[in-house]
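Novice: sharing a sequence plus its predicted fold:
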Amino acid sequence: MKQGFRQSMAWLHTWVGLLTSWLLLMIFMAGTASYYRQEISRWMRPELTTAPVSQEVAATNAVNYLQANAADAEYWHIQLPDARNPTITMYWFNPAPKDGQADGRASRRARFGEATLDAASGTPIQARQTRGGEFFYRLHFDLHYIPVLWARYIVGFCAMFMLVAIISGVITHKKIFKDFFTFRPRKGQRSWLDFHNVSAVMALPYHLMITYTGIVTLMLMYLPWGIKAAYPGEEDKFYVESLGGLSEPRPASGTSAPMQEVAALMESARRQWNGAEVATLRMDHPNDAAASLALTQRDGKALSIATPTLRLDAVNGQLLERGGQAGGATATRDVLMGLHLAHFADAGLRLLFFVSGLLGCLMVASGCVLWAIKERAKHARSGRVGFGLRLVDALNIGAVAGLPIAFAAYFWANRLLPLDTLERPQAEINLFFAGWGLATLVGLLHPRRQSWAWLLYLGAAMFVLLPVLNALTTRAHLGVSLPAGDWVLAGVDLFALAFGLCLGCCGWRMQRWQPAVSAADKRRRQAAAVDGAPPTQVARDGGVA
Amino acid sequence: MMLLSLALAFSGFTALCLAMDKHQLEPSGTARAAGGSTRRIGWVGWTLLAAAFAAAVLACGWAVGAVLWLGAMTLGGIVITYGLLPYRPRWIKPLAYALPIAAGVLWLVEVG
């Protein structure tokens, strides 16, 4: 068996792409939505008000709440509000119970407390319980229902396959420059190949970047052995030394002492930083004589995620430590991670990232549909549809037509589930997976073009009607948000409307589609019409072509 | 400035597209240009893409500007390829002239 380089790359591209495409599509969609996770979180908590408040007031409110509710915690972690997130989010780690229970992982987890406060009033927010956009962010690399460690290995595996698929795809694509602007609609398989190529080539720098940097974000988990060899038994030290973070905080002294006002501590940090803003605070051993406050600067306009950190003595305000200067390797990693997370992107650039992410979704979706179309042509020649093709058709229907339904179901659940539902955030998430699962079930039971069309219509209806549902159930609808110029809330509604219309168009095209008839087929049909025999079965049903 | 970068990327890709033999007839339907003329259009395209890079760097600095430039080319490219070329070919040339001018005027209004 002798094959050319390009043929073997085409084989690699086909199979590597197909095997991971359904999960990759979900990862891509969740990641793309995560560019707007703060905005989605706000939309999903329509009760929140956004009164701008200074960082000092917010931090003082946070500390007052923690003093009242977690004064003896081992540490507090406070995320201050910013332009995109109007709330204070915080968590803390309670001291070990006095009865000396074993320090297992479960009991450690039980010691964490968390709260989300209204920045202006300093009281817990009065909003519905939801994971909001955080769910998509976590889904993107932690999946759901399965242990996080497994999930990250699975996602890393998919990302590695994706990288292989991109590189082999570029090699396979013979006329990458000649076909640069080529998209010929209404030409069956040709159109799907054009569409797949354009979605890949136009955003190729993005696809390469996002896949590669995605692997980099978890590289220390995927390849831990270097660290294990160089820092046997004390891997924490590696993170402090090489990632330029702060060292372990000093231990508690056991005697209590009053702490300085947090606003004063922030002011002295800002003097060190030439006026830069504070993003997060971490107080170790609050109310102890050895209490210390670690501050992280808000990441600004730089690509790198590395932000300066400081640790102050919380009792006398002295500077204890500055975050170390990162070396070249760490600085490179920080830039790569920064590119993946895109915290530096302002509204316009964020939109471009979002568009590129959508192109990634289209690339994956059109790729797995294209596989089924090519395969169908072979099956049509032999006259029957094999099991493999039926399975791929079903999974394609479940992922490509079903995932939009899943996303829409999550938003619908947010508006329709009663506010006192037990474990409401999890109930919303269950409905996300129910939407995906049901669509896949429909695909398995009936892998036909009608399933494609009607599931796409269902997704379209759920997205188009989302602004209507929002208007019926909340006071944060377009009639309020547009006149107020609240582009966060209006943006989610308007995008849902536009996305729903696009899905509707896809469903319509799918329903009205007629198989292209080749000249040979035409002759055969004419001959068949004369003989009175019906045309071949496969050409009539089947998915898409 | 960011809009200017987007518009220049669109016009640059338009020029590069028109410099290709296979796409010459779609936007206007008139006769093919001579070889020398297509090469000139190609150079105009590369120059416009370079100008888009300059605008992106002026808008966001070297690092973020480079990212913006790539994103602008992606957007320009898909608007041409998915939208205008197959469905509204006659809009391409007028837009390629109008968008950078409009974006430039907007920028001048903002600065002045």
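Specialist: That came through fine.
Novice: return the residues of chain A in contact with chain B.
Specialist: Residues of chain A lying close to chain B (CB under 8 Å from any CB of the partner chain) are A:178, A:180-185, A:195, A:198-199, A:202-203, A:205-206, A:301-303, A:339, A:344-345, A:348-349, A:352-353, A:355-356, A:359. Heads up, the C-betas are built off the backbone N, CA and C, glycines and all.
Novice: can you pull the contacts of residue A:67?
Specialist: A:286, A:287 (CB atoms under 8 Å, 6 or more residues apart in numbering or on different chains).
Novice: on that earlier part again, buried subset of the residues of chain A next to chain B, written for PyMOL?
Specialist: In PyMOL, a selection of the buried entries from those looks like this (16 or more other CB atoms under 10 Å in any protein chain shown):
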select buried, chain A and resi 180+181+182+183+195+198+199+202+203+205+206+302+303+339+344+345+348+349+352+353+355+356+359
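Novice: in helices only, show me the residues of chain A next to chain B.
Specialist: Using DSSP state H, the members of those that fall in helices are A:195, A:198-199, A:202, A:205-206, A:339, A:348-349, A:352-353, A:355-356, A:359.
Novice: of those residues, just say which sits nearest to residue A:453.
Specialist: The shortest approach to residue A:453 among those belongs to residue A:195, at 18.2 Å (CB to CB).
Novice: how about residue A:266, secondary structure?
Specialist: helix (DSSP: H, G, I helix; E, B strand; the rest coil).
Novice: so what's it up against?
Specialist: Taking CB under 8 Å, 6+ apart, we find residue A:266 in contact with A:55, A:56, A:59, A:278, A:281, A:295.
Novice: how near is the closest residue to residue A:126 other than its chain neighbours to residue A:130?
Specialist: In space, and not counting its chain neighbours, residue A:126 is closest to residue A:47: 6.0 Å by CB to CB, 6 or more residues apart in numbering or on different chains. Per CB to CB, to the nearest Å, residue A:47 is found 11 Å from residue A:130.
Novice: do residue A:276 as well
Specialist: The gap separating residue A:276 from residue A:130 is 32 Å, by CB to CB.
Novice: so for the two, which residue has more residues nearby?
Specialist: Taking neighbours as other CB atoms under 10 Å in any protein chain shown, residue A:276 and residue A:130 compare with residue A:130 leading, 22 against 14.
Novice: which ones are touching that one?
Specialist: Residues in contact with residue A:130, defined by CB under 8 Å, 6+ apart, are A:41, A:44, A:45, A:414, A:424, A:425, A:428.
Novice: repeat that for 6 Å
Specialist: Neighbour list for residue A:130: A:44, A:414, A:425 [criterion: CB atoms under 6 Å, 6 or more residues apart in numbering or on different chains].
Novice: count of residues packed around the second one?
Specialist: Read it as residue A:414. 27.
Novice: which SS state does the residue nearest to residue A:126 fall under?
Specialist: When classified by three-state DSSP, residue A:47 comes out as coil.
Novice: my guess is it meets residue A:125, correct?
Specialist: No. Using CB atoms under 6 Å, residue A:47 makes no contact with residue A:125, being 7.6 Å away.
Novice: and the two? Which one has more around it.
Specialist: residue A:125 (19 against 12).
Novice: of all the residues in chain B, which one is nearest chain A?
Specialist: residue B:71 (3.3 Å; CB to the nearest CB).
Novice: host element of that residue?
Specialist: helix B:35-78 (DSSP states H and E).
Novice: is chain A within reach of the helix or strand following that helix?
Specialist: Counting by DSSP H and E, the next helix or strand C-terminal to helix B:35-78 is helix B:85-87. Yes. Helix B:85-87 lies within reach of chain A by CB under 6 Å from any CB of the partner chain, at residue B:86.
Novice: report pLDDT for the closest residue to chain B within chain A.
Specialist: Residue of chain A nearest chain B, by CB to the nearest CB: residue A:352 (3.3 Å). The per-residue pLDDT reported for residue A:352 equals 97.
Novice: many thanks, have a good one.
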